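**Student:** Sequence plus the predicted model coming up.
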Amino acid sequence: AQSVTQLDSQVPVFEEAPVELRCNYSSSVSVYLFWYVQYPNQGLQLLLKYLSGSTLVKGINGFEAEFNKSQTSFHLRKPSVHISDTAEYFCAVRGYSTLTFGKGTMLLVSP
Amino acid sequence: ETGVTQSPTHLIKTRGQQVTLRCSSQSGHNTVSWYQQALGQGPQFIFQYYREEENGRGNFPPRFSGLQFPNYSSELNVNALELDDSALYLCASSLGGGQGHTDTQYFGPGTRLTVL
């Protein structure tokens, strides 16, 4: 079985500041991890994914995430956020035929 | 390349009614998965279809059923609607036959269902 814990329900940050959104997972099979972003009243857009190889994964819009097997974490980071990054962010782990999602973290960027 | 599309965008039904939601997969994708996203929650897996067969199911009752057609488009049917069925229903398509853990799912914009 798989599960995902997103430790923060909301993260407020000022524009141009760095941000880290935390994600911890558990999985009984090989680990494949994803971050998706959901803008208001829209579906999910893939930000980045870890399947194998380098533990530092770069995605769209300047986001990156680091897979840490010993800490079972896959935290999402961005060095400088924009107002347009305000959205809900979901971490997910892949199972046999499904994605198991966390409850999401709302990133609130203010000027 | 056409992305995942869903119809309708919004839907209002009353308790006890039946509803059908539709999804067209991304070009070249043969697998469709359906998720329910209640307000303030992450998406929950309903089921997946691969080559017109159900290929996995989450913890949802039998009144949630689905179909996949030869062109890989899909329908989600919900019978005997309950108030708690109010949610955003997301469809995702992928290429991997449902067998590979690595295939990436691409999501449509969703259908917002309100049950009164």
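**Tutor:** Perfect, thanks for sending it.

**Student:** Against residue B:71, how distant is residue B:64?
**Tutor:** Distance, residue B:64 to residue B:71, using C-beta to C-beta, to the nearest Å: 22 Å. (C-beta placed from N, C-alpha, C; glycine too.)

**Student:** Neighbour count for the two, which is higher?
**Tutor:** Taking neighbours as other C-beta atoms under 10 Å in any protein chain shown, residue B:64 and residue B:71 compare with residue B:64 leading, 18 against 8.

**Student:** Double-check that one against residue B:81; I have them as touching.
**Tutor:** No - using C-beta atoms under 8 Å as the test, residue B:64 is too far from residue B:81 to be in contact (10.6 Å).

**Student:** can you pull out the strands in chain A?
**Tutor:** With DSSP state E, the ranges of strands along chain A come out as A:3-5, A:10-14, A:19-21, A:24-26, A:33-38, A:44-50, A:56-58, A:64-68, A:73-78, A:87-94, A:99-101, A:105-110.

**Student:** What strands flank the first one, and is each parallel or antiparallel?
**Tutor:** Listed by DSSP bridges, the sheet partners of strand A:3-5 and their directions read strand A:24-26 (antiparallel).

**Student:** roughly how far out does the strand it pairs with sit from the chain middle?
**Tutor:** With C-alpha atoms, centre = their mean, to the nearest Å as the basis, strand A:24-26 stands 12 Å off its chain's centre.

**Student:** same check, this time on stretch B:52-63
**Tutor:** On the basis of C-alpha atoms, centre = their mean, stretch B:52-63 sits 10 Å off its chain's mean C-alpha point.

**Student:** Report the buried residues of that stretch.
**Tutor:** Within stretch B:52-63, the residues that count as buried by 16 or more other C-beta atoms under 10 Å in any protein chain shown are B:55-58.
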